[in-house]
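Sequence below, structure please.
(one chain, ligands or ions: 1)
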Amino acid sequence: MNTKVRTAVIPAAGLGTRFLPATKAQAKEMLTVVDRPSIQWVIEEAVAAGIDDILIVTSPSKKGVEDHFDRNAELEHLLEAKGKYDELAEVRRITDLATFHFTRQGAPLGLGHSVGTAERHVGDRPFAVLLPDELMPDGGATLRRMIDVTESTGESCISLFEVDGPDISNYGVAGFSERDGDLVTIDRLVEKPPYEEAPSNLKVTGRYVFTPEIFAKLAITEPGRGGEIQLTDAMAMLIGDPGMRGLVIKEAGYDAGQKLDWLRANIELSLDDPEVGADVAEMLSGIVRARGLG
Ligand code: G1P
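Residues are numbered from 1 along each chain as shown. You can find the predicted model right below:
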């Protein structure tokens, strides 16, 4: 097995019903956060972590996603002719971020099925999976650490985050046998358990680094919660064979697939933006004052 993680799989075939009507005719992954689609934030994170090969799993309504990472000769000519060189460089940079590949999920059978469609492309190598509606704007630091864990142990590694109370039932949940700082050895994984049955308060967030054994597990994963092939169920079969590690992270990032968190991502990330940050801060304090929210 080649042990270097070079490929990231981005499952982008979901319908995005949580964000209707915005997602009626547009892929949810293309919703703008500050000045770029959420999926571009995620791919830039992967590239910052050392990934140079991206496979995006799409469905028929996602043409916009493919076009975004493809060249647009007409637009490039136009920008050049108008002397808009900064914009031209930015448009070209998107295509040059990595090598892009696309595959179709075929049928909406669940996240596990979507990741399974990557097998032909990934082959016998470890690889990363990033859920594109979760933003982790940390310059790729979390993913890089996860990759380092997998490359040094030969075991898969997922990111985990502590959740208070019954909200844990909305996620995959990991129990663990040993903890060393922020790294745990996972001994249980359950998809969206009832609160009383959750093995811990650690939710599975949208970052995964898998050894290629996950494909054999996915191939024998029966439909689980919601009748779907669940990635969590296949991961549970990796426990001890060859093993599952978890990295407990302190910042959850943003769930850009939820209206409120998408708004929070826009506000916080625009505050961090060198171009507009100061103006956004002023605008926000103006709104707070005018509405008496302070
Ligand atoms: C998926 C996974 C779940 C994970 C979650 C993270 O659920 O199935 O294990 O905790 O992503 O956001 P979904 O959000 O698709 O329901």
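
Find the nearest non-adjacent residue to the residue positioned nearest the centre of the chain, please.
What sits nearest the mean C-alpha location of the chain, by CA atoms, centre = their mean, is L131, with 2.5 Å. Closest residue in space to L131, ignoring its immediate chain neighbours: G206 at 3.0 Å, by CB to CB, 6 or more residues apart in numbering. In this view, the C-beta of every residue, glycine as well, is placed from N, C-alpha and C.

for the stretch 1-150 of the chain, which spans come out with low pLDDT?
Residues of the stretch 1-150 of the chain meeting the criterion pLDDT under 70: 1-2.

Toward the C-terminus, what is the element adjacent to whichever strand or helix holds the residue nearest to L131?
Element membership for G206, per DSSP states H and E: strand 202-210. Remark: after strand 202-210, the chain's next helix or strand is helix 213-219, criterion DSSP H and E.

buried stuff in that following helix?
Using 16 or more other CB atoms under 10 Å as the test for burial, helix 213-219 gives 213-215, 217-218.

For the ligand, tell me whether the strand holding G206 is touching it.
Yes - Strand 202-210 is in contact with the ligand by CB under 6 Å from any ligand atom, via 203-206.

any chance of those residues in TSV, plus pLDDT and neighbour count?
Putting these into TSV (pLDDT from 0 to 100; neighbours: other CB atoms under 10 Å) gives the following:
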residue	pLDDT	neighbour count
K203	97	21
V204	97	24
T205	95	22
G206	95	23
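
Number of residues surrounding the spatially closest residue to F69 that is not a sequence neighbour?
When the adjacent residues along the chain are set aside, F69 lies closest to F100, with 4.6 Å between them (CB to CB, 6+ apart). Neighbourhood size, F100 [other CB atoms under 10 Å]: 18.

can you tell me how far F100 sits from I54?
5 Å (CB to CB, to the nearest Å).

who touches both of these two?
Shared contacts of F100 and I54 (CB atoms under 8 Å, 6 or more residues apart in numbering): F69.

For the residue in the chain positioned nearest to the ligand, which residues are in contact?
Closest to the ligand within the chain is G172: 2.5 Å, counting by CB to the nearest ligand atom. Contacts here follow CB under 8 Å, 6+ apart; on that basis G172 touches 189-192, 203-204, 230-232, 235.

can you check V149 too?
155, 157, 183, 209, 245, 247.

ok, the third one touching G246?
Think L183. Yes - applying CB atoms under 8 Å, one finds L183 in contact with G246, separated by 7.1 Å.

who has more neighbours, these two?
G246 (26 against 18).

Dihedrals phi and psi, that one?
Here is the backbone geometry of G246 (degrees, to the nearest 10): phi -130, psi 140.

If it is in a bridge, with which residues?
Beta-bridge pairing for G246 (DSSP bridges): I158, V184.

Quick check: residues of the protein near the ligand?
Within the chain, the positions near the ligand by CB under 6 Å from any ligand atom are 111, 131, 134, 171-172, 191, 203-206, 231-232.

change it to 5 Å
171-172, 204, 206, 232 (CB under 5 Å from any ligand atom).

Now distance to V5 too, for those residues, in CSV please.
CSV is the format used below for these (distance: CB to CB, whole Å):
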residue, distance to V5
Y171, 24
G172, 21
V204, 19
G206, 16
T232, 21
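
Quick check: closest non-adjacent residue to P242.
Using CB to CB, 6+ apart, the closest residue to P242 is E155 (5.6 Å).

So what does the one you found look like in phi/psi?
Taking degrees, to the nearest 10 as the convention, E155 sits at phi -120, psi 150.

same deal with the one 5 residues further on?
Taking degrees, to the nearest 10, you get phi -130, psi 150 for the backbone angles of L160.

Let me see the contact set for it.
174, 184, 202-205, 246-249.

quick one: A8 and A48 touch, right?
No - between A8 and A48 there is no contact under CB under 8 Å: 11.3 Å.

Among the two, which residue is more densely surrounded?
Between A8 and A48, counted using other CB under 10 Å, the more crowded position is A8 (30 against 16).

Show me what the helix or strand that E45 is a member of is packed against.
Per DSSP H and E: E45 is located in helix 38-48. Applying 3 or more CB pairs under 8 Å, 6 or more residues apart in numbering; DSSP states H and E, one finds that helix 38-48 makes contact with strand 7-11, strand 53-58, helix 63-68, strand 127-130, strand 134-135, helix 141-153.
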